[in-house]
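Trainee: mind looking at a prediction? Sequence and model below.
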Amino acid sequence: MEFNIDRQLIEKFGSLELLARQVVEGFITGLHKSPFHGFSVEFAEHRLYNSGESIKHIDWKLYGRTDKLFVKRYEEETNLRCRIVLDTSSSMNYPLVKKFDSKNHNKLSFSIIAAASIINILKKQRDAVGLSCFSKDIDIHTDTKSNNDHINHLYQLLSQQITQEKQKQLSTSAAHSLHVLANTLHKRSLVIVFSDMMENTTSMESLFDALRHLKHNKHEVILFHIHDKATELDFEFDERPKRFIDLESGAEIKLQSHEVKNEYQKQMKAFTDVLRLKSAQYKIDLVTADIQKGFDQILFPFLSKRKKMY
């Protein structure tokens, strides 16, 4: 199910938590109507009833809706530690949106809503979660906790990333930041990275060295490659002359997009092929996520990974 976000609502009411809850509720509703019965609603504070155990904790209301027996989970049954890592470099502000409305996202706002939705699910499961935001360095790094005050603080930090005035030309140093995180996270965690992966070829090798560092420390990693498929991968623009601006360096170039389209697509394919190859090599879950396609493409892989871990 797709769910569109109105940035003005966040600015006016600080309602990122409410919007995330609506995304998750819409996703759950979609699961009930879909063939993906494997997830059902067992991720949301419930587990399937095991024959022979006490019926005292069966959720009969949920049984009435699903025709399946579920019992309430207890805190000791859910002990996942999750670290959400968010790329906030300038390239994540693409596409430049003059007026945010219910249908317009850039890569950063999409990633923030996706991260908030995952936090909402983790809260339901009583799992511990922490947040790290990076550009050239790690700019935000919280503890990993599960209490309500901490969760509310995470929502506040994410909201600020949407509503605050952005600094121009923030470059990316994902490799450095991930190496620091690998040395910081001492307990086995699920590390979820949101990034457009806009690194040069040399940095790409360093980036996967850092991701391998995380894997070496027994962490599980989901890498969400966030992009606007139509323009960033397919290079679909009209025939008028264009001025392209590097959001991280400020460099500009004017050209006719159709003159370079084939070469651009060739280079981008090589880039995405490397991403897939390296991710498979190091057993990292790579998920390509188009900001125009809604949040199910985020929540399905997350829940699938969590189910395998616990």
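Mentor: Yep, it's here. Numbering: from 1, shown residues only.

Trainee: for stretch 237-252, buried residues please.
Mentor: By 16 or more other Cβ atoms under 10 Å, the buried positions in stretch 237-252 come out as Leu247, Glu248. Just so you know, the C-beta spots here come from the backbone N, C-alpha and C atoms, and that holds for glycine as well.

Trainee: what's next to the longest helix anywhere in the chain, contact-wise?
Mentor: With secondary structure taken from DSSP state H, the chain has its longest helix at helix 257-281. Under the contact criterion Cβ atoms under 8 Å, 6 or more residues apart in numbering, helix 257-281 has outside partners 197, 204, 208, 223, 225, 232-235, 237-239, 242, 284-286, 288.

Trainee: checking the residue of the chain most remote from its centre next. Helix, strand or coil?
Mentor: Using Cα atoms, centre = their mean, the residue of the chain lying farthest from its centre is Gly52. It sits 39.1 Å away. The three-state label given to Gly52 by DSSP: H, G, I helix; E, B strand; the rest coil is coil.

Trainee: got phi/psi on it?
Mentor: Dihedral angles phi and psi of Gly52 (degrees, to the nearest 10) take the values phi 100, psi -20.

Trainee: so how far is Glu220 from it?
Mentor: According to Cβ to Cβ, to the nearest Å, Gly52 stands 32 Å off from Glu220.

Trainee: just the buried ones from the contacts of helix 257-281?
Mentor: Using 16+ other Cβ under 10 Å, the buried ones in the contacts of helix 257-281 are Met197, Met204, Phe208, Leu223, His225, Glu232, Leu233, Phe235, Ile284, Asp285, Leu286, Thr288.

Trainee: specify the beta-bridge partners of the fifth one.
Mentor: Partner residues in beta bridges with His225: Ser195, Thr288, with DSSP bridges as the criterion.

Trainee: including distance to Gly294, pLDDT and secondary structure, could the buried ones among the contacts of helix 257-281 go into JSON lines?
Mentor: Putting the buried ones among the contacts of helix 257-281 into JSON lines (distance: Cβ to Cβ, whole Å; pLDDT from 0 to 100; DSSP: H, G, I helix; E, B strand; the rest coil) gives the following:
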{"residue": "Met197", "distance to Gly294": "21", "pLDDT": "87", "secondary structure": "coil"}
{"residue": "Met204", "distance to Gly294": "28", "pLDDT": "77", "secondary structure": "helix"}
{"residue": "Phe208", "distance to Gly294": "28", "pLDDT": "87", "secondary structure": "helix"}
{"residue": "Leu223", "distance to Gly294": "19", "pLDDT": "96", "secondary structure": "strand"}
{"residue": "His225", "distance to Gly294": "16", "pLDDT": "97", "secondary structure": "strand"}
{"residue": "Glu232", "distance to Gly294": "17", "pLDDT": "92", "secondary structure": "helix"}
{"residue": "Leu233", "distance to Gly294": "17", "pLDDT": "91", "secondary structure": "helix"}
{"residue": "Phe235", "distance to Gly294": "23", "pLDDT": "92", "secondary structure": "coil"}
{"residue": "Ile284", "distance to Gly294": "23", "pLDDT": "93", "secondary structure": "coil"}
{"residue": "Asp285", "distance to Gly294": "19", "pLDDT": "96", "secondary structure": "strand"}
{"residue": "Leu286", "distance to Gly294": "19", "pLDDT": "96", "secondary structure": "strand"}
{"residue": "Thr288", "distance to Gly294": "14", "pLDDT": "96", "secondary structure": "strand"}
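
Trainee: wait, a helix at Lys254?
Mentor: No: membership of Lys254 in a helix is not supported by three-state DSSP, which gives strand.

Trainee: the strands in the stretch 101-250 of the chain, which residues?
Mentor: In the stretch 101-250 of the chain, the segments counted as strands under DSSP state E, counting those that start in this stretch are 128-134, 138-141, 190-195, 220-227, 242-245.

Trainee: tally up the residues packed near Leu131, please.
Mentor: For Leu131, the count of nearby residues is 23 (other Cβ atoms under 10 Å).

Trainee: hmm, it is touching Cys82, no?
Mentor: No: counting by Cβ atoms under 8 Å, Leu131 stays clear of Cys82, with 9.7 Å between them.

Trainee: ok, the nearest residue to Leu96 once chain neighbours are set aside to His227 distance?
Mentor: Spatial nearest neighbour of Leu96, excluding adjacent residues (Cβ to Cβ, 6 or more residues apart in numbering): Asn106 at 7.2 Å. From Asn106 across to His227, the span is 11 Å (Cβ to Cβ).

Trainee: between those two, which contacts overlap?
Mentor: Ile291.

Trainee: next, format the buried ones among the contacts of helix 257-281 as JSON lines and append distance to Thr88.
Mentor: Output for the buried ones among the contacts of helix 257-281, formatted as JSON lines (distance: Cβ to Cβ, whole Å):
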{"residue": "Met197", "distance to Thr88": "14"}
{"residue": "Met204", "distance to Thr88": "19"}
{"residue": "Phe208", "distance to Thr88": "21"}
{"residue": "Leu223", "distance to Thr88": "16"}
{"residue": "His225", "distance to Thr88": "16"}
{"residue": "Glu232", "distance to Thr88": "18"}
{"residue": "Leu233", "distance to Thr88": "22"}
{"residue": "Phe235", "distance to Thr88": "25"}
{"residue": "Ile284", "distance to Thr88": "21"}
{"residue": "Asp285", "distance to Thr88": "22"}
{"residue": "Leu286", "distance to Thr88": "21"}
{"residue": "Thr288", "distance to Thr88": "20"}
